[in-house]
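A.B. asks: below is the structure, and that's it, no one-letter string:
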């Protein structure tokens with residue numbers, strides 16, 4: 001049937017072993033090697049999300065005893081907390097392959113149909129940013145998730161026929177930063193739904209120490225904790241900062257990351273003691289200086305600082321809200337007294353600002 005693509009039509013995201021012809025192979029290999037080298041393969045190596053790990057261990061053990069695939073899973077939470085990594089760990093523990101793609105890559109019906117028909121029994125399909133699935137792709141997934149069938153049509157006009165094509169039983173793992181944007185019918189088809197939490201400073205220090213060990217970077221316990229303090233509760237940021245700080249340590253020091261080396265390096269990178277970067281501080285200062293602390297709409301903020309609305313909502317705001325530096329209200333965003341203190345803005349009456357919050 002014409003709606004079923006052949007192998008040459010698959011996009012790169014459908015098979016993580018294929019190379020994008022536009023990007024040099026050396027760049028792909030370097031990025032892939034770094035990601036693969038630091039990604040844990042077991043729950044023991046996966047740091048953080050303790051309650052979620054215990055739940056998943058029981059669920060996986062039960063699925064193995066029943067000799068059935070896992071229920072479909074939905075992970076949601078801010079970016080960089082390990083949703084993709086956790087999906088890889090689940091696949092490793094189940095002893096099955098995992099196919100990784102993202103919702104924006106599934107533009108046409110043939111994209112999602114092609115992936116589903118290429119799956120083998122028990123395999124895991126991981127769809128990142130699943131809230132961005134278009135309506136057609138979503139409706140194709142409904143019978144596939146529930147009954148493991150594809151409803152397809154063939155022919156034209158009066159010769160149109162509807163076919164039900166059986167699929168092998170598989171597990172869909174969806175990841176999203178915006179669970180509220182998932183449609184009700186899609187969300188209800190997931191048997192297991194979990195939210196990933198921001199990491200504590202202790203957990204991030206362990207992540208940093210583990211990553212440094214894998215990359216053969218010498219680091220002290222104090223150095224790891226100094227980086228953890230500025231990692232915004234996010235392992236992805238922590239791992240990135242380890243590499244950046246190790247560059248400074250190698251060039252400007254003896255290669256060892258100590259507390260002083262970490263703090264000096266991060267100061268040069270303009271990442272402050274609270275983990276805020278230039279964009280975060282610009283956002284807070286804009287609301288304070290131009291809009292008297294708020295409230296102000298996110299579109300206005302985005303236009304004023306030259307950033308995309310989605311960047312502000314998905315990258316900047318989750319941590320600022322978690323840290324208590326920013327508040328969302330029906331009328332817009334407001335800055336907290338804690339943000340005034342952190343930014344060293346003392347020419348305003350903090351008590352008056354607090355009264356605005358009450």
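C.D. replies: Good, I have the coordinates. If you're wondering where the values come from, they're calculated on a predicted model, not measured in any experiment. Numbers count the residues shown, from 1 in each chain.
A.B. asks: give me the low-pLDDT residue ranges for the stretch 251-358 of the chain?
C.D. replies: Scanning the stretch 251-358 of the chain for pLDDT under 70 picks out the ranges 347-358.
A.B. asks: helices along that one, start to end?
C.D. replies: Secondary structure of the stretch 251-358 of the chain (DSSP state H, counting those that start in this stretch): helices at 259-268, 278-291, 298-305, 309-311, 317-322, 337-343, 350-357.
A.B. asks: so how far is the shortest one off the chain centroid?
C.D. replies: Going back to what we said before, that points to helix 309-311. 15 Å (C-alpha atoms, centre = their mean, to the nearest Å).
A.B. asks: got a markdown table for the helices of the stretch 251-358 of the chain, with mean neighbour count too?
C.D. replies: C-beta: built from backbone N, CA, C; applies to glycine. Below are the helices of the stretch 251-358 of the chain laid out as a markdown table (neighbours: other C-beta atoms under 10 Å):
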| stretch | mean neighbour count |
| --- | --- |
| helix 259-268 | 18 |
| helix 278-291 | 18 |
| helix 298-305 | 16 |
| helix 309-311 | 13 |
| helix 317-322 | 19 |
| helix 337-343 | 18 |
| helix 350-357 | 12 |
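A.B. asks: residue 78: which of these is closest?
C.D. replies: helix 317-322 (4.0 Å; C-beta to C-beta).
A.B. asks: hmm, who's touching that closest one?
C.D. replies: Residues outside helix 317-322 that contact it (C-beta atoms under 8 Å, 6 or more residues apart in numbering) are 78-79, 177, 198, 232-234, 275-276, 280, 283-284, 326-328, 333.
A.B. asks: could you dump the helices of the stretch 251-358 of the chain to JSON lines with distance to residue 187?
C.D. replies: As requested, these are exported to JSON lines (distance: least, C-beta to C-beta, whole Å):
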{"stretch": "helix 259-268", "distance to residue 187": "39"}
{"stretch": "helix 278-291", "distance to residue 187": "31"}
{"stretch": "helix 298-305", "distance to residue 187": "24"}
{"stretch": "helix 309-311", "distance to residue 187": "21"}
{"stretch": "helix 317-322", "distance to residue 187": "20"}
{"stretch": "helix 337-343", "distance to residue 187": "34"}
{"stretch": "helix 350-357", "distance to residue 187": "33"}
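A.B. asks: ok so, going back, of the contacts of helix 317-322, buried ones?
C.D. replies: 78-79, 177, 198, 232-234, 275-276, 280, 283-284, 326-327, 333 (16 or more other C-beta atoms under 10 Å).
A.B. asks: quick check, nearest of the residues you listed to residue 38?
C.D. replies: residue 234 (14.2 Å).
A.B. asks: how confident was the prediction at that closest one?
C.D. replies: You'll see residue 234 listed with a pLDDT of 92.
A.B. asks: apart from its chain neighbours, what residue comes closest to it?
C.D. replies: residue 80 (4.1 Å; C-beta to C-beta, 6 or more residues apart in numbering).
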